[in-house]
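Colleague: sequence plus predicted model, see below.
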Amino acid sequence: MEAFKALWAENIDAKVETTVRPFKKEDLPDGEVLIEVHYSSVNYKDGLAGTNPKSGVIRNYPMILGIDLSGVVVESLDPALQAGDKVIVTGYGLGVTHFGGFSEYARVPAAWVVPLPEGLSLKEAMIIGTAGYTAAESVDALEQQGIRPQTGNVLVTGASGGVGGMAIAMLKRLGYTVDAVSRKKADCVDYLEKLGAEVVLHPDEVALEKKRPLAQQRWSAIVDPVGGPMLPELLAQLHYGGCLALSGNAGGIAFEATVLPFILRGVKLVGIDSVSHPYAERIKLWGRMASDLKPENLDLLVEQEITLEDLPVAFEKIMDGKMHGRTLVKVKQGI
């Protein structure tokens with residue numbers, strides 16, 4: 001195999017320095033499956049890893065970044081995977097403890113590899129990517145708690161981001177009435193309504209004038225990829241028996257609440273972990289994202305398509321809160 005290129009991140013003088021540089025097959029870590037990467041995507045976690053060495057995402061630099069990929073198997077030591085198979089990898093240690101998807105080739109454990117389901121292309125799989133997988137896991141969690149379209153409206157926070165936008169489109173596809181909240185409301189109303197939001201709110205329209213543990217019951221469920229100080233206020237506004245699926249901490253990690261919403265209204269707070277989600281669940285959810293959870297307007301979610309060389313600028317953009325929807329990384333050129 002000839003040399004190939006990848007995005008290399010190093011911690012130099014407490015700053016992350018990224019360069020696209022050549023690698024050889026022998027440079028890749030151990031794993032049963034060698035994949036020619038066609039697409040990846042930019043997630044908030046990638047932005048952290050690519051800009052802030054103290055974020056905790058990566059403990060040991062240097063690293064090839066990229067927490068998701070889709071591509072074609074080149075070599076496999078696992079009989080379940082054959083050369084030519086189209087596959088997806090998200091989560092586990094990809095791009096965190098193990099060389100990731102911002103690379104023309106990746107070698108990973110077979111246990112991480114999900115066959116591309118019928119109904120998705122490799123490109124579509126990375127428009128969805130880790131953000132879409134997190135959204136699908138959140139929607140699935142609400143369903144497991146008995147939330148149905150007839151139960152009441154569902155609120156999605158961080159609506160202009162990747163997880164939020166995907167959640168809106170997936171919930172709309174299933175027939176839910178969706179309210180969206182975004183601090184970029186002024187710029188995103190048209191975009192969010194096209195995704196499927198019935199109402200678009202600014203965080204100020206969701207925040208309680210007076211902080212209290214129980215307030216007017218506004219939503220049957222909430223998909224929250226943001227977290228932070230608004231979380232207790234969201235819990236206070238859930239219907240009796242409602243559920244909040246929490247998947248992010250962009251708003252902060254502190255959680256200062258009371259037990260009252262849980263013991264007086266029976267609400268549920270469900271944590272969403274897309275990194276270590278069981279393999280059988282991954283197969284199920286990717287199958288759903290190729291069918292009943294596949295957004296009808298998937299292309300609308302793509303803000304831009306970039307190359308490996310464009311990634312440093314994309315990292316800054318997502319960390320500055322200036323990115324909406326999904327940024328697709330076209331790794332293999334000429335496709």
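Modeller: Nice, I can see it.
Colleague: from now on I want contacts and neighbour counts done on CA atoms only, so please keep to that.
Modeller: OK.
Colleague: which residues of the stretch 201-335 of the chain fall in strands?
Modeller: If you assign secondary structure with DSSP state E, counting those that start in this stretch, the strands in the stretch 201-335 of the chain sit at 219-224, 238-246, 268-271, 302-306, 326-330.
Colleague: now do the SS call for the closest residue to E296 other than its chain neighbours.
Modeller: Using CA to CA, 6 or more residues apart in numbering and skipping the chain neighbours, the partner closest in space to E296 is R173 (7.0 Å). Reducing the assignment to helix, strand or coil with DSSP: H, G, I helix; E, B strand; the rest coil, the entry for R173 is helix.
Colleague: wait, what's in contact with R173?
Modeller: Applying CA atoms under 8 Å, 6 or more residues apart in numbering, one finds that R173 lies in contact with D292, L293, K294, P295, E296.
Colleague: kindly indicate which of the residues you listed lies nearest I222.
Modeller: Comparing the contacts of R173 against I222 with CA to CA places L293 closest, at 17.2 Å.
Colleague: quick check: phi and psi at that closest one.
Modeller: phi -100, psi 0 (degrees, to the nearest 10).
Colleague: now it: closest residue in space, sequence neighbours ignored.
Modeller: Nearest non-adjacent residue to L293, counting by CA to CA, 6+ apart: M170, 5.1 Å away.
Colleague: repeat for L7
Modeller: Closest residue to L7 apart from its sequence neighbours, by CA to CA, 6+ apart: V20 at 4.4 Å.
Colleague: burial count for the one you found?
Modeller: A count of nearby residues for V20, using other CA atoms under 10 Å, gives 18.
Colleague: that one falls within a helix, correct?
Modeller: No: the assignment for V20 (three-state DSSP) gives strand, which keeps it out of a helix.
Colleague: does it touch W8 like I think?
Modeller: Yes: with contacts defined as CA atoms under 8 Å, V20 counts as touching W8 at a distance of 6.0 Å.
Colleague: so which residues of the stretch 201-335 of the chain form helices?
Modeller: Per DSSP state H, counting those that start in this stretch, the stretch 201-335 of the chain has helices spanning 203-206, 231-235, 260-264, 279-289, 311-319. These are given in chain order.
Colleague: which stretch among those helices comes nearest Q145?
Modeller: helix 260-264 (14.1 Å).
Colleague: now what about that closest one, what contacts it?
Modeller: The set of residues external to helix 260-264 that reach it, using CA under 8 Å, 6+ apart, is P213, L214, L235, A236, V267, K268.
Colleague: and the last one, how far from G84?
Modeller: This means K268. 44 Å (CA to CA, to the nearest Å).
Colleague: please say which of those two ends up with more neighbours.
Modeller: Between K268 and G84, counted using other CA under 10 Å, the more crowded position is K268 (20 against 14).
Colleague: this structure - how does it break down into domains?
Modeller: The record's domain split for the chain, according to automatic domain parsing, is 4-116+297-330, 131-271.
Colleague: adding mean pLDDT and distance to Y279, write those domains out as a markdown table.
Modeller: Formatted as a markdown table, the domains of the chain follow (pLDDT from 0 to 100; distance: least, CA to CA, whole Å):
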| stretch | mean pLDDT | distance to Y279 |
| --- | --- | --- |
| domain 4-116+297-330 | 96 | 8 |
| domain 131-271 | 96 | 13 |
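Colleague: L195 touches M170, doesn't it?
Modeller: No: taking contact to mean CA under 8 Å, the distance of 9.0 Å between L195 and M170 leaves them out of contact.
Colleague: follow-up on the earlier one: which of the domains of the chain sits closest to G287?
Modeller: With CA to CA as the criterion, G287 lies closest to domain 4-116+297-330 of these, at 8.6 Å.
Colleague: quick one: end-to-end length of that closest one, please.
Modeller: End-to-end distance of domain 4-116+297-330: 15 Å, with CA to CA as the criterion.
Colleague: that one: how far from the chain's middle?
Modeller: 13 Å (CA atoms, centre = their mean, to the nearest Å).
Colleague: quick one, phi psi at the closest residue to D273 other than its chain neighbours?
Modeller: Counting by CA to CA, 6+ apart, D273 lies nearest to S247, which is 6.7 Å off, once chain neighbours are set aside. S247 adopts backbone torsions of phi -130, psi 0, taken as degrees, to the nearest 10.
Colleague: now do the contacts for S247.
Modeller: Contacts of S247 by CA under 8 Å, 6+ apart are T134, S138, D224, P225, V226, G227, G271, I272, D273.
Colleague: quick one: contacts for the closest residue to the first one other than its chain neighbours?
Modeller: The spatial neighbour of T134 that comes closest, neighbours along the chain excluded (CA to CA, 6+ apart), is S274 at 5.7 Å. Under the criterion of CA under 8 Å, 6+ apart, the contact partners of S274 comprise G91, T130, Y133, T134, E137.
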